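>>> Can you look at this prediction? I've put the sequence above it.
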Amino acid sequence: MKINSPNISKIIVELTRSDMSELDITYDSMDYSNIETRRVIWTILDKARHELGRDINPSCNMTIETMPLDHGGCVIFFTVNDIPQSIKAVISERENVYEFDSIDNVIDLFSSMKEDMLYGDLYSDNKGKFRLITAFDDRLKTKIKFSEYSHPCREGKLAAEITKEHWNLKTANFGISAK
């Protein structure tokens, strides 16, 4: 069983054929109205809670999606729909995604910020491109600086979540001040 959590609101669990046999369930028999399926989901979420080291409430409002795998296993996607307000505040702080063609452009941007402090999470696609997820800043001088060294990928939580899921985190809370 592989458990992955690309962000605070999503958990991805990959079950092999033997995992499913051990849990006494098949992909075809999964039905959330069935008590046995619920038992399996709660067992998986309990294992995820231990492995991820955070509280996961199986009774909270969440979307559960399953997808069969060729080798007889399946992948289960858990998306928490009722995120606590304290966590929503942290997630909503980082809404802009900027893409850089090289690490040199990232360094040049941070060096050019002079008196401004800039923080964000830096991701890489391992092909030489980088993305920075940073807090929304609509000051003209900040937009001009970013346009010199990068291009906006997208705005909003969706762009940030896509980057978190498909790109590799290089450093969290990456920041610099040239003061």
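All right, it came through fine.
>>> Could you measure from the residue lying closest to Phe130 once chain neighbours are set aside over to Phe78?
Take Phe130 and drop its neighbours on the chain: the residue closest to it by Cβ to Cβ, 6 or more residues apart in numbering is Phe100, 4.4 Å away. Placement of C-beta: from N, CA and C, glycine included. Phe100 sits 32 Å away from Phe78, going by Cβ to Cβ, to the nearest Å.
>>> Likewise for Thr134?
Taking Cβ to Cβ, one finds Thr134 at 27 Å from Phe78.
>>> Could you do Lys47 as well?
To Phe78, Lys47 is 12 Å away according to Cβ to Cβ.
>>> Comparing those two, which shows the higher neighbour count?
Neighbour comparison, Lys47 and Phe78: the larger count goes to Phe78, with 21 against 14 (by other Cβ atoms under 10 Å).
>>> Just confirm that one contacts Lys10, I think it does.
Yes: counting by Cβ atoms under 8 Å, Phe78 does reach Lys10; the two are 6.9 Å apart.
>>> can you pull the buried residues of the helix or strand in which Phe110 is found?
Taking DSSP states H and E as the criterion, Phe110 maps to helix 103-112. The neighbour-count check on helix 103-112 (16 or more other Cβ atoms under 10 Å) flags Asn105, Val106, Leu109, Phe110 as buried.
>>> what does stretch 160-172 give?
Result for stretch 160-172 [16+ other Cβ under 10 Å]: buried residues Ala160, Glu161, Thr163, Lys164, Trp167, Lys170.
>>> now the host helix or strand of Phe146: how far from the chain's centre is it?
For Phe146, the element it lies in under DSSP H and E is helix 140-149. Taking the mean of its C-alpha atoms, helix 140-149 sits 26 Å from the chain's own mean (Cα atoms, centre = their mean, to the nearest Å).
>>> which residues of the chain fall in strands?
Using DSSP state E, the strands of the chain run over 2-7, 10-15, 62-68, 74-80, 94-100, 118-124, 130-135, 151-155, 168-176.
>>> and those as TSV, adding mean pLDDT?
Below are these laid out as TSV (pLDDT from 0 to 100):
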stretch	mean pLDDT
strand 2-7	84
strand 10-15	90
strand 62-68	86
strand 74-80	87
strand 94-100	78
strand 118-124	80
strand 130-135	84
strand 151-155	74
strand 168-176	71
